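Undergrad: Below is the sequence, then the predicted model.
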4 protein chains.
Amino acid sequence: MKFASDNWSGAAPEISEALKKHADGFATAYGDSELDREIEQKIADIFERECAVFFVGTGTAANSLAAAAVAKPGGVVFCQSEAHLLANEGGAPEFLTSGGRMVPVSGNDGKMNADTLAAVVARYPNHFNHLGQGTLVSITQSTEAGTVYSLDEIEAIGDIAKQAELPLHMDGARFANGLVQLGCSPAEMTWKRGVDMVSFGGTKNGCWCAEALLVFKDAIVENFKFNRKRMGHLFSKTRFISAQFEAYLEDGLWLKLAKHSNAIGEKLEAAIRSSNKVRLAWESQSNQVFFIAKRADAEEMLEKGASFYPFATPRSLEGTLLPNEQVYRLVASFNSTEDDVKAFQALL
Amino acid sequence: MKFASDNWSGAAPEISEALKKHADGFATAYGDSELDREIEQKIADIFERECAVFFVGTGTAANSLAAAAVAKPGGVVFCQSEAHLLANEGGAPEFLTSGGRMVPVSGNDGKMNADTLAAVVARYPNHFNHLGQGTLVSITQSTEAGTVYSLDEIEAIGDIAKQAELPLHMDGARFANGLVQLGCSPAEMTWKRGVDMVSFGGTKNGCWCAEALLVFKDAIVENFKFNRKRMGHLFSKTRFISAQFEAYLEDGLWLKLAKHSNAIGEKLEAAIRSSNKVRLAWESQSNQVFFIAKRADAEEMLEKGASFYPFATPRSLEGTLLPNEQVYRLVASFNSTEDDVKAFQALL
Amino acid sequence: MKFASDNWSGAAPEISEALKKHADGFATAYGDSELDREIEQKIADIFERECAVFFVGTGTAANSLAAAAVAKPGGVVFCQSEAHLLANEGGAPEFLTSGGRMVPVSGNDGKMNADTLAAVVARYPNHFNHLGQGTLVSITQSTEAGTVYSLDEIEAIGDIAKQAELPLHMDGARFANGLVQLGCSPAEMTWKRGVDMVSFGGTKNGCWCAEALLVFKDAIVENFKFNRKRMGHLFSKTRFISAQFEAYLEDGLWLKLAKHSNAIGEKLEAAIRSSNKVRLAWESQSNQVFFIAKRADAEEMLEKGASFYPFATPRSLEGTLLPNEQVYRLVASFNSTEDDVKAFQALL
Amino acid sequence: MKFASDNWSGAAPEISEALKKHADGFATAYGDSELDREIEQKIADIFERECAVFFVGTGTAANSLAAAAVAKPGGVVFCQSEAHLLANEGGAPEFLTSGGRMVPVSGNDGKMNADTLAAVVARYPNHFNHLGQGTLVSITQSTEAGTVYSLDEIEAIGDIAKQAELPLHMDGARFANGLVQLGCSPAEMTWKRGVDMVSFGGTKNGCWCAEALLVFKDAIVENFKFNRKRMGHLFSKTRFISAQFEAYLEDGLWLKLAKHSNAIGEKLEAAIRSSNKVRLAWESQSNQVFFIAKRADAEEMLEKGASFYPFATPRSLEGTLLPNEQVYRLVASFNSTEDDVKAFQALL
């Protein structure tokens, strides 16, 4: 019943095996090993186009690297109100962009609204130096609210970013969960819809620490390498990241793991629907499920061995909760089991 | 014959096994798992005193975190002329201290000279804001020149740092190699000699990516946690670093590995001494060995399968090399073998 | 009819005279002249307590210096939603704090609400490094909306800041306008109500470029000097700022000028009240007056020689304006005349 | 006998008059007044080409703005060993470039040597991210040692900068003193010799605080405006800087003042030459003169009312001074008089 976060899970056996397999011998350090080159190419193949790949150790680093590499003086990043960049990185993007500002763009279902984006972007006209200048648009797929942007929604945002001459970044900490939900190709969900950079996360989906920033836009690649180094994220033995991605991408393991956690999410949703004690906060489309419970009931469930965290009440639910109620989040992991769901259901 | 760097080696089998062992199940993320706590305590035990432990992914991050956490406006770090902080971090310490300056302090044998340190520190009187203010002294043990500071030498530097009210940091990327050479305890080599912080490196000595910044001085601990997060170095699944340290520190594996690479270093030194073709640049005391060769000879060795890098000529050797000669560096790793040495010797 | 900004006015004759008077001869540079010392003491006398005084060239610099000197990793500044720090400094505070975040705290009448502040502060518990840590509370007196905090309102905010162990800063770009409105002493409006730092602005009230950051809290003074230098704001000939303050503070010139611009503001308000064409947006208490007009009417007034800018519609007025209406701001200056008001009134 | 610094002098009467003249009325703020435009054009005329002009308040700001606007991750600035950027800005350039490094390039007579520059630049090959990447070359004219680069010397440095694709900046805190010494046009001394940016300083030569960064290279102009704002150096009443430049540039006042201080420098040099007590350290070419004296003698002169500072012994003089001797610096100002020289001579 450990549904606190997909960060609480360890690693898939295939990942540990891959690390063991590549432990022997010697390989060029600092991102220049044969395995690094091979995996970079593999990622390019999967995304069906050339791309620059920057391995880093954390999602915070990947997202911040994206923002840092396109930073400008007085720069602002437009991101979802619930984005990790805004709500969970402890000031890393502001620090690593040397003072950039994260500007929230709101919307329903944990998504950025394209029209709202257009309106917010318009507040930062070029050359008005009293406020700042736009440098990046960032969306999260799947979102922090467990929802998934449709291809049309991504495209609408991509169009506005393009008009504003701003690169579009996708925080893909849960990229695979969004992808298998849409059932499309990685290319369809990204650069074919106007996405220029992807934080391609493996950590939350069964790796130890495998994150890669993918850059599809040649014109902006130049600074990433130096930026990664000066952030302290150029690993000497990069092959320990590459090795994780090797196993992760082999035979569709990554998709299999994401399908599994999404399916567990669906079962959690069903369990909540069938409960008289708690109710679903909103429909999920991925491995994150949100429910509303009385605080006392939630406390009791935690005492009985469940793990989960409270979640900030979104605007859309303001005024609909009783004073003794709270929204809670469940996150299914690659190694969550149906028994976990059953045990959880027993508490409802 | 891969003597390019101890960064080219992979990982000791015990490290991979430990990762496999901890792959299952769930554990609190972001540095708060039971294993994290356990390993932090283990490190404290080994150093024979309470200390704050900050796991990070790279040596660059550990060193920069040390500098960042004590940074002040106009701050300067006094470090060995050959220090990684100055020569190999791509501007990370300057960036992550928001503009600190790395000030070189020279000495013989790749070591900082204590008297020179005192003289350089004196150039930055408190409250003279045109130049800057000292924030940190940093030494590297074992040094970039393969030498090892004696306990007295460390203490002399520690005394000057203390007089100047500057914390003393030890870049221990090759901490174990220095330690086994001196044959003393970790406590003797660090806080008992005035060292306040240690970048305790496991990566170069048989781990995948295991680095920890140890802080012995309570008064300066406060900012490290927030600094690590905003550098993007708070890993979600911290236990994959803890697990490496678990195996690394168990049954003295770390000391065994360092003794091995030092011993290989000694054999390499012997091989060079017995050669007519090349000559020893200076005496080594650890796993790094430096020799002088004609460039053409070195090229031939590289073509025949050896790996090693040229090394900048130190001041002490200026004028002693022929125009067609160059200093080269050999680094023995935890998994270098006597056969490697023999094969290399055959090229001499 | 130049009511665009009090920044559009030049300088009071007394200011130019003072500059002329001190132009001769030689004086120690970089903040250490006798005149600098004298004026620092004069400011301390006026504020009835010892204080550290840091002369800088712009309000942006004074406000950013306040934020920078107390900055911490992951630091956040709590400020009014309309504060210059948030809306008009072009990212200077974020940059000069090396990545701090400006967090808006809303309220009515352009003021920060104390209860809202308490709630927002509570979202940043100590040691939760995923979000950040509070470093400063900043209020603006008189406010960007032309209103003036009462002494009780300042005290209520001061109490919350104190409980949260956060220093309280007052952006006093229009300090004098607020002071003469309240009719109290500078001490009463600042440190006696919990204010620890004041951006004491002379520029908008008849100086060329005279700004001083006043610091009442000994414990936080240490870093300001080095911070000012590394921001490029340590002027060599500091006496040209001191000289301005000398004239500004002599015989109550600063209060006289502020009373004048407030009085002109009152007359502008009266003119708007008596108009059928435009209406008052809200009650002003200082030299800034806000009115609502049809865009076409405003355009006509501008064409006829008036100068003023549109102002962002505050939340409290949302939904009350017609589609063709807009809020506009008038700012009276030390050198605005009754004739200016009459000419403006003629347009209404 | 105030020869401590040209920063100790106040302002020429023409400067104070110009400030008085422009004190009345209203003008667009933040760099957009008619006077601002006019003076920008005047500077362009004097330099015989279009250029972007950025008014700032201090030389520290002008130099740092130059470095900041072309900064890159891991960036390094190559500057004279004695440059203000390295020795006197309190870490401002490192801070305002978000962590750039100032790399010293040595030479004789306080000048950067072109061949040494080429050698140092070559140590930072493109794309080697472990060390950093070059972003700027900066020279100071006239130099900190009172010498003046010849046009050929500037051109030689310009050629190397161009080959390395690095912009060339001239710190012209004492621009006029160098110019009148060479007797050439501003264009000849700058862009016609490969200079891309000039810190055009008026402060040391009779202004209160008039500094302008001139940029001759269109391709790099974009970021300056936002950088200046976020450094807090966009003055609201910019016309008080423009007004100073108006008087400064009118009827060649700037050249007249510089000729005067250079001439006083020459007389000081003659006085030293004729003394038995002190001797000239090296030949000066501008308003700064350096002499060697016994410390006791210098102390006596200071007690008798002279003002001057000791100066760090340059490498070229190492070993030539007696243990009780020291190098001292005299700086002649626009308002130094022949009587000052005579009084000083009487002490020799």
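TA: Right, received. Where do you want to start?
Undergrad: Now for residue A:331: which residues touch it?
TA: A:3-6, A:287-289, A:308 (C-beta atoms under 8 Å, 6 or more residues apart in numbering or on different chains). C-betas here are computed from N, CA, C, even on glycine.
Undergrad: If we use 10 Å, what do you get?
TA: When contacts are counted by C-beta atoms under 10 Å, 6 or more residues apart in numbering or on different chains, residue A:331 touches A:2-9, A:146, A:174, A:204, A:261, A:264-265, A:268, A:286-289, A:307-309.
Undergrad: same check, this time on residue A:90
TA: Applying C-beta under 10 Å, 6+ apart to residue A:90 gives the contacts A:60, B:225-232, B:234, C:73-74, C:128-133.
Undergrad: make it 7 Å
TA: By C-beta atoms under 7 Å, 6 or more residues apart in numbering or on different chains, the contact list for residue A:90 reads B:226, B:229-230, C:74, C:129-132.
Undergrad: what are the phi and psi angles of the residue nearest to it when sequence neighbours are not counted?
TA: Of all residues not flanking residue A:90 in the chain, residue B:229 sits nearest, at 3.7 Å (C-beta to C-beta, 6 or more residues apart in numbering or on different chains). With angles defined as degrees, to the nearest 10, residue B:229 sits at phi -60, psi -50.
Undergrad: and residue B:229, how many neighbours?
TA: Neighbour count of residue B:229, defined by other C-beta atoms under 10 Å in any protein chain shown: 27.
Undergrad: pretty sure it contacts residue C:128?
TA: No. Assessed by C-beta atoms under 7 Å, residue B:229 is found out of contact with residue C:128, at 9.9 Å.
Undergrad: Convert the longest helix seen in chain A to PDB, retaining C-alpha atoms only.
TA: Using DSSP state H, we find that the single longest helix of chain A is helix A:253-273. What follows is helix A:253-273, C-alpha atoms only, in PDB (Å, rounded to 0.1, in the frame of the first residue of the first chain):
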ATOM      1  CA  LEU A 253      10.400  -2.200 -21.000                       C
ATOM      2  CA  TRP A 254       9.600   1.500 -20.400                       C
ATOM      3  CA  LEU A 255       6.200   1.200 -22.000                       C
ATOM      4  CA  LYS A 256       5.400  -2.100 -20.200                       C
ATOM      5  CA  LEU A 257       6.300  -0.500 -16.800                       C
ATOM      6  CA  ALA A 258       4.200   2.600 -17.500                       C
ATOM      7  CA  LYS A 259       1.200   0.500 -18.700                       C
ATOM      8  CA  HIS A 260       1.500  -1.400 -15.500                       C
ATOM      9  CA  SER A 261       1.400   1.600 -13.200                       C
ATOM     10  CA  ASN A 262      -1.300   3.200 -15.200                       C
ATOM     11  CA  ALA A 263      -3.400   0.000 -14.900                       C
ATOM     12  CA  ILE A 264      -2.800   0.000 -11.100                       C
ATOM     13  CA  GLY A 265      -3.900   3.600 -11.100                       C
ATOM     14  CA  GLU A 266      -7.100   2.500 -12.900                       C
ATOM     15  CA  LYS A 267      -7.800  -0.100 -10.300                       C
ATOM     16  CA  LEU A 268      -7.200   2.400  -7.500                       C
ATOM     17  CA  GLU A 269      -9.700   4.700  -9.200                       C
ATOM     18  CA  ALA A 270     -12.200   1.800  -9.300                       C
ATOM     19  CA  ALA A 271     -11.600   1.100  -5.700                       C
ATOM     20  CA  ILE A 272     -12.300   4.700  -4.800                       C
ATOM     21  CA  ARG A 273     -15.400   4.800  -6.900                       C
END
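Undergrad: and residue A:62, what does it touch?
TA: A:56, A:199, A:211, A:213.
Undergrad: Then residue A:11?
TA: Contacts for residue A:11 (C-beta under 7 Å, 6+ apart) come out as A:206-208, B:23.
Undergrad: Is it located within a helix, as I assumed?
TA: No. Looking at residue A:11 with DSSP: H, G, I helix; E, B strand; the rest coil, it is coil, so not inside a helix.
Undergrad: And it, its phi and psi?
TA: Residue torsions, per degrees, to the nearest 10, at residue A:11 are phi -140, psi 150.
Undergrad: can you pull the pLDDT of it?
TA: Each residue has a pLDDT score; the one for residue A:11 is 97.
Undergrad: now swap in the one 10 residues further on and tell me
TA: Per-residue confidence for residue A:21 comes out at a pLDDT of 95.
Undergrad: I'd like to know how far it sits from residue A:240.
TA: Residue A:21 sits 11 Å away from residue A:240, going by C-beta to C-beta, to the nearest Å.
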